[in-house]
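S.K.: Need the 3D shape of this:
(4 chains)
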There are 4 protein chains.
Amino acid sequence: MESTTQLRVRYVETDAMGIVHHASYVAWLELGRTELLRSLGQSYREWEKAGVHLSVGEVHMKYRAPAYFDDLVTVHTKVTEAARRRVGFSYRIEREGVLLAEARTVHMVTGANGKASVLPDEFLRLLVG
Amino acid sequence: MESTTQLRVRYVETDAMGIVHHASYVAWLELGRTELLRSLGQSYREWEKAGVHLSVGEVHMKYRAPAYFDDLVTVHTKVTEAARRRVGFSYRIEREGVLLAEARTVHMVTGANGKASVLPDEFLRLLVG
Amino acid sequence: MESTTQLRVRYVETDAMGIVHHASYVAWLELGRTELLRSLGQSYREWEKAGVHLSVGEVHMKYRAPAYFDDLVTVHTKVTEAARRRVGFSYRIEREGVLLAEARTVHMVTGANGKASVLPDEFLRLLVG
Amino acid sequence: MESTTQLRVRYVETDAMGIVHHASYVAWLELGRTELLRSLGQSYREWEKAGVHLSVGEVHMKYRAPAYFDDLVTVHTKVTEAARRRVGFSYRIEREGVLLAEARTVHMVTGANGKASVLPDEFLRLLVG
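M.R.: Okay, the predicted model is just below:
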């Protein structure tokens, strides 16, 4: 399962080096996940209302080239792992075919209280796709 | 009632102009309020646990001089208005006596559900000071 | 001169009250300005490369209703004032016709060095529209 | 070489799960590095003025326990690798002895123009310590 989303770099995402600050990319991964779920007909907002949270357990990012204000950036997001308690994603962040960053994240399934929980079967099936 | 708090400018708070991004100052006002309450022996975290929120209704900021990465910045915060349903603060943000920005904010007292509420008398008395 | 742009609320823009943090709206104003310029056939990135910066001098925001994660938000941006040294904008932030916030900002025209400068006539004419 | 710095969690750093957003920790790593350099008598601001940048090449973070608004958090930062072109750090983020996150970052030495450069010998010696 893979999905693609685009975003326009905001000025607030840049830093004094004149490029996008490395922490801004972490929020872009989140966009990638939300849009991947949307492409499956799902709303992460609804998941949360149903008490299903994908808490971030790990973030691994390699930065390959700088991004700049007003760049049109593409985030490619893939499910790499989907189990009842744990879900993983990988990402490629690009600008017109140029690789800007590669990342992967690991998530624990938790309830609204932050305690470990399990992914409902219907959601699991969608992710395994 | 006035209080003073210091902060060190973070790299992530800067932007591609090489200065602190104007939205970063808004978070500094929040620091100013939290530390003003602390100087009154109060914890805004505890207020929230007790169901008392100061929801931001208005922000007015005038920027006077740029701030830079690693600057040591002082936020002076004052209560300008304290009523059961509405609280106001004013701020001066400085670096070694140089005025960087002036601001004021207005807050509505709300409950955990975001609905209008009233400030408990004990909190009101503290703010009126 | 007015323009309209849409954005999807990001999780990172929310706070522990479960709503969008008030500082996030400030970055949305910036989006509004960038897209207003784009609707005039201009690129603020190119303005900056040409040494023309609209430094933020004032921000005034009134919050009317909370925004939530994944909301589709519309920013209406208008030029309210355009002179050689100073430009002003006003904004309405809405979600499906519900007013979330109203704002206005004032900007000083500066060079790359942050010093006061003047808006080239061609840019001024565009803004005056 | 190891250093320790403390920070107070800001409201703006939290998200709708009621905890600190995972991207906020990335900025805390940056604080850790800046303060490690300061503990060596160095100013990263001065390094940048001298044309020496530590561009972020990799971030790896494992989240162990949530952090909350107003928590007093400690960042322990260590140099794990220091060469002329590449520097590495590891981090432990804690709250009163509770491990919140572990991380490591890898940095490329670059000039003001973003091009690969080398660390001056005096800086290298300090980091190797």
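
S.K.: Which other helices and strands does whichever helix in chain A runs longest contact?
M.R.: The longest helix of chain A (DSSP state H) is helix A:22-39. Applying 3 or more C-beta pairs under 8 Å, 6 or more residues apart in numbering or on different chains; DSSP states H and E, we find helix A:22-39 packed against strand A:2-8, helix A:44-49, strand A:53-63, strand A:72-82, strand A:86-95, strand A:98-110, helix D:22-39, strand D:53-63. The way it works is simple: take the backbone N, C-alpha and C, and place the C-beta from them, glycine included.

S.K.: mind running it again at 7 Å?
M.R.: Identification of packing neighbours for helix A:22-39 by 3 or more C-beta pairs under 7 Å, 6 or more residues apart in numbering or on different chains; DSSP states H and E yields strand A:2-8, strand A:53-63, strand A:72-82, strand A:86-95, strand A:98-110, helix D:22-39.

S.K.: Just send those back as TSV, with mean neighbour count and distance to residue A:32 too.
M.R.: Formatted as TSV, those follow (neighbours: other C-beta atoms under 10 Å in any protein chain shown; distance: least, C-beta to C-beta, whole Å):
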stretch	mean neighbour count	distance to residue A:32
strand A:2-8	16	6
strand A:53-63	20	12
strand A:72-82	18	4
strand A:86-95	20	5
strand A:98-110	19	9
helix D:22-39	22	13
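
S.K.: quick one: which of these is nearest residue B:88?
M.R.: Nearest to residue B:88, of all the helices and strands packed on helix A:22-39, is helix D:22-39, at 28.2 Å by C-beta to C-beta.

S.K.: gap between the closest one and the chain center?
M.R.: Centroid separation for helix D:22-39 versus its chain: 3 Å, with C-alpha atoms, centre = their mean, to the nearest Å.

S.K.: And stretch A:29-46, by the same measure?
M.R.: Offset of stretch A:29-46 from its chain centre (C-alpha atoms, centre = their mean): 8 Å.

S.K.: Can you name the residues in contact with that stretch?
M.R.: Outside stretch A:29-46, the residues within contact range by C-beta atoms under 7 Å, 6 or more residues apart in numbering or on different chains are A:1, A:3, A:5, A:7, A:75, A:77, A:89, A:91, A:103, A:105, A:126, C:10-12, C:69-70.

S.K.: Could you list the alpha-carbon positions for it in CSV?
M.R.: The C-alpha trace of stretch A:29-46 is given here as CSV (Å, rounded to 0.1, in the frame of the first residue of the first chain):
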residue,chain,number,x,y,z
LEU,A,29,5.7,12.3,7.6
GLU,A,30,2.6,12.7,9.7
LEU,A,31,0.9,14.3,6.6
GLY,A,32,2.0,11.3,4.6
ARG,A,33,0.4,8.9,7.0
THR,A,34,-2.9,10.8,7.3
GLU,A,35,-3.2,11.0,3.5
LEU,A,36,-2.3,7.3,3.1
LEU,A,37,-5.2,6.5,5.4
ARG,A,38,-7.4,8.9,3.5
SER,A,39,-6.5,7.1,0.2
LEU,A,40,-7.8,3.9,1.9
GLY,A,41,-11.1,5.7,2.6
GLN,A,42,-10.2,6.2,6.2
SER,A,43,-9.9,9.2,8.4
TYR,A,44,-7.3,9.2,11.2
ARG,A,45,-9.5,11.7,13.0
GLU,A,46,-12.3,9.1,13.0
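
S.K.: For residue A:54, which non-adjacent residue is spatially closest?
M.R.: Leaving aside its chain neighbours, residue A:54 sits nearest to residue A:107 (3.9 Å; criterion: C-beta to C-beta, 6 or more residues apart in numbering or on different chains).
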